[in-house]
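In: Can you look at this prediction? I've put the sequence above it.
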Amino acid sequence: MKIAIIGKGMIGSQIEKEMKEKNIDEIITIDIDEGKNPDYTSIDEFNCVNEIADVYIICAWRRSDVINIVKKLNTENHPLVSLETACEPGTFSEMKEIIGENGDVVVFQERYMENDFYHGIFNQPRVMGGDYVAGRKFYLRYMTWDNIVVTDDPYIAELCKIAENAYRYVEIALAQELRLMVGEKFPELRRLMNTKWNINVLEARDGIGKHCLPKDIRILSSLYQSKLFSTAEESNKIYMNKIGGKDD
């Protein structure tokens, strides 16, 4: 089976690595940035040489990029098209409209923690929506049945990933707010609070940065107006300005 991974960022690179370690299928990678892949092929070049894949795994996250990619896919082999990165809800329906009866489409957004073996691409539960009969049949080559959690509502499957990250963002923002309140006493406050069975206050470190959590809470905020989310984002900005890299 031939697998084309489209997008060689952090997620695409990790999917490629873990798939190649299994040594089950032929894996090719495609990216719009020549510098990311020594065997570079652009989407247009990919179509020009008439490559045909059995499975396309899309690792772009901007809705416009995903749709442009799907429009250029070769569907001669009735492929499975899988969206593995968090994207704006509603992207699946556009993908399915483009592919139509020429292939199967699933949203199967990754859950991945960098440098954490126990939370890798294929060894933890993930949510799948869309044409999940075909999707599950393929991913069972790499995952267990129990780790493929399916839903009949692909929109909710898309929403799940960004809602998870927004939830995590708010949790961290609360911990940061408590740290600002009590300063150096925060570790002891956190230890005592976490003795209660239904409380799990997170650590407060250097602020919520990087890519995924800020991106996803912004996507969710753009869809549903929420004072909670906007307050959490503002709280994080205040926290990062105040700690300035200083540890209490």
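Out: Looks like it came in fine. Residues are numbered from 1 along each chain as shown.
In: can you pull the buried residues of the stretch of helix or strand residue 5 belongs to?
Out: Element membership of residue 5 [criterion: DSSP states H and E] is strand 2-6. For strand 2-6, the neighbour count (16 or more other Cβ atoms under 10 Å) marks 3, 4, 5, 6 as buried. To be clear about C-beta, it is placed using only N, CA and C from the backbone, and glycine gets the same treatment.
In: and which of the residues you listed is nearest residue 67?
Out: Set against residue 67, the nearest of the buried residues of strand 2-6 by Cβ to Cβ is residue 6 (12.6 Å).
In: Pairing partners for the closest one in the sheet, please.
Out: Beta bridges link residue 6 to residue 30, residue 58 when assigned by DSSP bridges.
In: average pLDDT for the strand holding residue 5?
Out: Averaged across strand 2-6, the pLDDT comes to 92.
In: now it: how far from the chain's centre is it?
Out: Taking Cα atoms, centre = their mean, to the nearest Å, the mean C-alpha location of strand 2-6 is offset from the chain mean by 17 Å.
In: and what of stretch 140-154?
Out: How far stretch 140-154 lies from its chain's middle: 15 Å, per Cα atoms, centre = their mean.
In: just checking, residue 193 touches residue 202?
Out: No - using Cβ atoms under 8 Å, residue 193 is not in contact with residue 202; the gap is 10.8 Å.
In: Among the buried residues of strand 2-6, which one sits closest to residue 16?
Out: Nearest to residue 16 among the buried residues of strand 2-6 is residue 5, at 5.3 Å by Cβ to Cβ.
In: This structure - how does it break down into domains?
Out: 2-151, 159-243 (automatic domain parsing).
In: ok, of those, where does mean pLDDT dip lowest?
Out: Minimum mean pLDDT among the domains of the chain: domain 2-151, a mean of 86.
In: follow-up on the earlier one: which outside residues touch the strand holding residue 5?
Out: Applying Cβ atoms under 8 Å, 6 or more residues apart in numbering, the contact partners of strand 2-6 are 12, 15-16, 19, 25-31, 43, 46, 51-60, 69.
In: in this structure, which spans are helices?
Out: 10-22, 43-48, 63-72, 91-99, 132-139, 154-182, 186-193, 212-223, 227-243 (DSSP state H).
In: angle of the third one against helix 91-99?
Out: Computed by axes from the mean of the first three to the mean of the last three Cα atoms, to 10 degrees, the angle separating helix 63-72 from helix 91-99 equals 20 degrees.
In: Now do helix 63-72 against helix 212-223, angle only.
Out: Counting by the same axes, to 10 degrees, helix 63-72 lies at 90 degrees to helix 212-223.
In: about what we covered before: redo the buried residues of strand 2-6 as a markdown table? Include distance to residue 99.
Out: Listed next are those as a markdown table, based on distance: Cβ to Cβ, whole Å:
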| residue | distance to residue 99 |
| --- | --- |
| 3 | 17 |
| 4 | 14 |
| 5 | 18 |
| 6 | 14 |
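In: how about those, which pair is most distant?
Out: That would be 3 and 6, which, of these, are the farthest apart (Cβ to Cβ) at 10.4 Å.
In: Determine which stretch of the domains of the chain is the most buried.
Out: Of all the domains of the chain, domain 2-151 has the most neighbours on average by mean count of other Cβ atoms under 10 Å, namely a mean of 18.
In: what about that one, start to end distance?
Out: Criterion Cα to Cα, to the nearest Å; first-to-last residue distance in domain 2-151 is 27 Å.
In: Could you give the separation of it from the chain centroid?
Out: Offset of domain 2-151 from its chain centre (Cα atoms, centre = their mean): 11 Å.
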